[in-house]
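*Asks:* next one to model:
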Amino acid sequence: MITREELGRSVRNIGVRQGDSLLVHSSMHALGPIEEGADGVIDTLIDVVTPDGLIVVPTHTWDVVNKRQPVWHQTLTPSHVGVLTNRLRMRKEAIRSIHPTHSVAAIGSRAREFCEAHEGDDSPCSPTSPYGRLIENKGKVLLLGVDLTRCTLIHCLEEMAGLGEIWSLTPPEPRFCILANGEMISVLARAHQNYKSANYDRVESALIKEGILNRMNIGRSQMRILDAAALADYLVPRFRNDPHYFW
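*Replies:* Have a look, this model is predicted:
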């Protein structure tokens, strides 16, 4: 079993620092037993980055909110991307952004600011979304037990490079978001199409060589950390030069 002390030491060793804005993708199953489970992971990460840092997780619902079922609820619609994401979003101090398919939940002193106005984005991961704010905040992506194929930030970089209009996004369609206070709002939403996230790990060796990605073993699996702004600087020009870079 991975103890919380071991986990804290490992995430510090890989490069997580106090004050970081940290987007966390995870697989508890891949990591194996951890002291206090998902809550132990959340509390350990909070201990490492606070008081000034921010822990963010994807709380995606694109698998269940669609044309046939177009309604999303800020508190009742569960994330389908892992137990840790649901444990964090249900904490009383967590803020969940308002988006029908690609919401995030955040804990930290800047959580509300980080999550605000997501409902204004008709695309999943626009440069003005929380994913874009991660770059602006010089944040990091921590991949716990998962690899680059789960790195949602790369979809944001595709949009920054203009690929949404070339091949990656569908036309906007109406969706409905029910807020925590019961208010319903209508939003426009686009979905990913022709996405090639299964190929994102092709670039891992290059990112390690460039010093953008670091990797180390933990439990039964591995963890990786990425510098969000450095990843954008590396991939966006390549996407613009070759819109089919990951095809």
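*Asks:* when you work out contacts or count neighbours from here on, use the C-alpha atoms and nothing else.
*Replies:* Noted.
*Asks:* gap between the residue nearest the centre of the chain and Gly108?
*Replies:* Nearest to the mean C-alpha position of the chain, counting by Cα atoms, centre = their mean, stands Pro58 at 4.3 Å. Distance, Pro58 to Gly108, by Cα to Cα, to the nearest Å: 15 Å.
*Asks:* which SS state does Val24 fall under?
*Replies:* For Val24, the secondary-structure state derived from DSSP: H, G, I helix; E, B strand; the rest coil is strand.
*Asks:* surely it meets Val57?
*Replies:* Yes: taking contacts as Cα atoms under 8 Å, Val24 lies within contact range of Val57: 5.2 Å.
*Asks:* with neighbour numbers in mind, choose between those two.
*Replies:* Val57 (26 against 20; other Cα atoms under 10 Å).
*Asks:* for that one, list each beta-bridge partner.
*Replies:* Ala105 (DSSP bridges).
*Asks:* my guess is it contacts Ala106. True?
*Replies:* Yes: using Cα under 8 Å, Val57 is in contact with Ala106, at 6.5 Å.
*Asks:* which neighbours do those two share?
*Replies:* Listed as contacting both Val57 and Ala106 by Cα atoms under 8 Å, 6 or more residues apart in numbering are Leu88.
*Asks:* need the strands for this structure, in chain order.
*Replies:* Ranges of strands in the chain, per DSSP state E, are 21-26, 54-58, 71-73, 95-96, 104-108, 140-144, 173-178, 184-189, 213-218, 221-227.
*Asks:* angle of the longest one against strand 21-26?
*Replies:* So the one you mean is strand 221-227. 150 degrees (axes from the mean of the first three to the mean of the last three Cα atoms, to 10 degrees).
*Asks:* what is the mean pLDDT for strand 221-227?
*Replies:* On average, the pLDDT along strand 221-227 is 97.
*Asks:* which residues are contacting it?
*Replies:* With contact meaning Cα under 8 Å, 6+ apart, strand 221-227 is reached by 14-15, 30-32, 138-147, 212-217.
*Asks:* how about stretch 71-89?
*Replies:* By Cα under 8 Å, 6+ apart, the list of residues contacting stretch 71-89 reads 26-28, 38-39, 42, 57-61, 63, 65, 90, 94-98, 100, 105-106, 175-180.
*Asks:* any idea how far the residue nearest to Ala229 when sequence neighbours are not counted is from Arg96?
*Replies:* Leaving aside its sequence neighbours, Ala229 sits nearest to Ile135 (Cα to Cα, 6 or more residues apart in numbering; 4.9 Å). If you measure Ile135 against Arg96 using Cα to Cα, the figure is 19 Å.
*Asks:* pick out whichever of the two has more residues nearby.
*Replies:* Neighbour count, other Cα under 10 Å: between Ile135 and Arg96, Arg96 has more, with 27 against 21.
*Asks:* just list whatever residues bridge to the more buried one.
*Replies:* Applying DSSP bridges, one finds that Arg96 bridges with Ala105.
*Asks:* look at it and report its pLDDT.
*Replies:* With respect to pLDDT, Arg96 has a value of 98.
*Asks:* packing partners for the lowest-mean-pLDDT helix or strand in the chain?
*Replies:* Scoring the helices and strands of the chain by mean pLDDT, DSSP states H and E places helix 28-31 at the bottom, with a mean of 94. For helix 28-31, the elements it packs on are strand 221-227, judged by 3 or more Cα pairs under 8 Å, 6 or more residues apart in numbering; DSSP states H and E.
*Asks:* hmm, back to that, show me the contacts for the residue nearest to the centre of the chain.
*Replies:* Pro58 touches 23-25, 79, 81, 85, 102-105, counting by Cα under 8 Å, 6+ apart.
*Asks:* how does it look with 6 Å?
*Replies:* When contacts are counted by Cα atoms under 6 Å, 6 or more residues apart in numbering, Pro58 touches Val104.
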